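K.L.:
fold the following.
(one chain, ligands or ions: 1)
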Amino acid sequence: MKLAIVNGANLNMLSYRETEHYGSLTYDDLINKIKDNLPDIFTYVDFFQSNIEGEIINYLHKITREDYDALIINPGAYAHYSYAIYDALLIFKGYKIEVHLSDIYQRDDFRKKLVTAPACNEIISGQGVNSYLLALASLVDIYS
Ligand code: DQA
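P.N.:
This is a model prediction of the structure:
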């Protein structure tokens, strides 16, 4: 199974950002935690991070053309307003899970509006790094 894990705006700045919301792990720590907990069914996993909306869209087009089976995406703040990423997610037909480290429902009002999540099959929020690990577990349930 080919899996893509996408992180959007400002997620490369983990550990410099509000640690009360995002914890003290660095972006590399996050990726390593995911790699350490990768279930066997994922024979190929690609990681992508960008702070540029168009690059994320282009990447979603690439994994669509390359027939990836599944996607875990944390769009960062794009989750709250990017209709262009929403449209790109609709084109990708694999199973899609949107994740957030923080509990977006317990923060600023603008974070409660989710624009990209309706294009996904599931949303997991507020579990820190475990949001990604729960998404992996969910994909295992679906694909095995
Ligand atoms: C976030 C939540 C977003 O509201 C915020 O803009 C982020 C990170 C999260 O993982 O909790 O950049 O996606």
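
K.L.:
restrict stretch 132-144 to CA atoms and write it as CSV.
P.N.:
Output in CSV follows, covering the C-alpha atoms of stretch 132-144 (Å, rounded to 0.1, in the frame of the first residue of the first chain):
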residue,chain,number,x,y,z
TYR,A,132,-1.3,10.5,13.2
LEU,A,133,-0.8,7.1,14.9
LEU,A,134,-4.6,6.7,15.3
ALA,A,135,-5.0,7.6,11.6
LEU,A,136,-2.5,4.8,10.8
ALA,A,137,-4.5,2.4,12.9
SER,A,138,-7.7,3.4,11.2
LEU,A,139,-6.1,2.8,7.8
VAL,A,140,-5.0,-0.7,8.9
ASP,A,141,-8.6,-1.5,9.9
ILE,A,142,-9.8,-0.3,6.5
TYR,A,143,-7.2,-2.0,4.3
SER,A,144,-6.5,-5.3,6.0
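
K.L.:
mean confidence score for it?
P.N.:
Mean pLDDT, stretch 132-144: 97.

K.L.:
does the ligand sit close to it?
P.N.:
No. Remark: stretch 132-144 sits outside contact range of the ligand, by Cβ under 6 Å from any ligand atom, the gap being at least 9.7 Å. Every residue, glycine included, has its C-beta placed from N, CA and C.

K.L.:
do the same with stretch 98-114
P.N.:
Yes. Where contact is defined by Cβ under 6 Å from any ligand atom, part of stretch 98-114 touches the ligand, namely 100, 101, 102, 104, 111.

K.L.:
flag every residue of this protein that's near the ligand.
P.N.:
9, 10, 74, 76, 77, 79, 100, 101, 102, 104, 111.

K.L.:
hang on, the second one packs against residue 51?
P.N.:
Yes. Here residue 10 reaches residue 51: they are 6.7 Å apart, a contact under Cβ atoms under 8 Å.

K.L.:
before we move on, what SS does residue 127 have?
P.N.:
coil (DSSP: H, G, I helix; E, B strand; the rest coil).

K.L.:
spatially central residue for this structure, please.
P.N.:
With distances taken as Cα atoms, centre = their mean, residue 73 lies nearest the centre of the chain, 1.8 Å away.
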